[in-house]
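1. okay, structure incoming, though there's no sequence with it:
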């Protein structure tokens, strides 16, 4: 929750994380460094058989070390093993760091979703064929 609170302008409440974990216990992964949680990702198969990366964050002290890339690649590999052919995610249009990160990993923007976030921010809907 500490990583979530400092990573996003509208952090999810703990109750939402617990709900997601209950729904996707095997799809919520953490990265640890010397026993400390330094990042997390949730990626799962949706009912339409596509993949979804719901959230990803890395502790600001551990960014630019490849942790986020490893988490995304790990989830994509797991989704491939479940016969997923395409993965989707949303990221704020204002978050150029995130959209550039995902583009480097092969994601592309397919559309802008107006007022996707609670504060009215727009989102990029991004996808990657796997």
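-> Looks like it arrived, so ask away. Just so it is clear, the structure is predicted and the values come from calculations on it, not from any experiment. Residues are numbered from 1 along each chain as shown.
2. what about the longest helix in this structure?
-> helix 67-81 (DSSP state H).
3. can you count the residues close to residue 24?
-> Look at residue 24: counted by other C-beta atoms under 10 Å, it has 15 neighbours. (C-beta placed from N, C-alpha, C; glycine too.)
4. the helix or strand just after the longest helix of the chain vs helix 67-81, what angle?
-> Following helix 67-81 in sequence order, the next helix or strand is strand 86-92 (DSSP states H and E). For strand 86-92 against helix 67-81, the angle by axes from the mean of the first three to the mean of the last three C-alpha atoms, to 10 degrees is 150 degrees.
5. strands along this protein, start to end?
-> 28-33, 36-45, 51-58, 86-92, 108-113, 123-129 (DSSP state E).
6. direction included, what does the first one pair against?
-> So that's strand 28-33. Next to strand 28-33 in the sheet, as set by DSSP bridges, lie strand 36-45 (antiparallel).
7. hey, which of the strands of the chain is tucked in deepest?
-> Across those, averaging neighbours per residue (mean count of other C-beta atoms under 10 Å) puts strand 51-58 on top, at a mean of 21.
8. elements contacting that one?
-> Helices and strands touching strand 51-58, by 3 or more C-beta pairs under 8 Å, 6 or more residues apart in numbering; DSSP states H and E, are helix 2-7, strand 36-45, helix 67-81, strand 86-92.
9. got the contact list for the nearest residue to residue 69 once chain neighbours are set aside?
-> Spatial nearest neighbour of residue 69, chain neighbours left out: residue 105 (6.6 Å); criterion: C-beta to C-beta, 6 or more residues apart in numbering. The contact partners of residue 105, by C-beta atoms under 8 Å, 6 or more residues apart in numbering, come to 69, 72, 73, 128.
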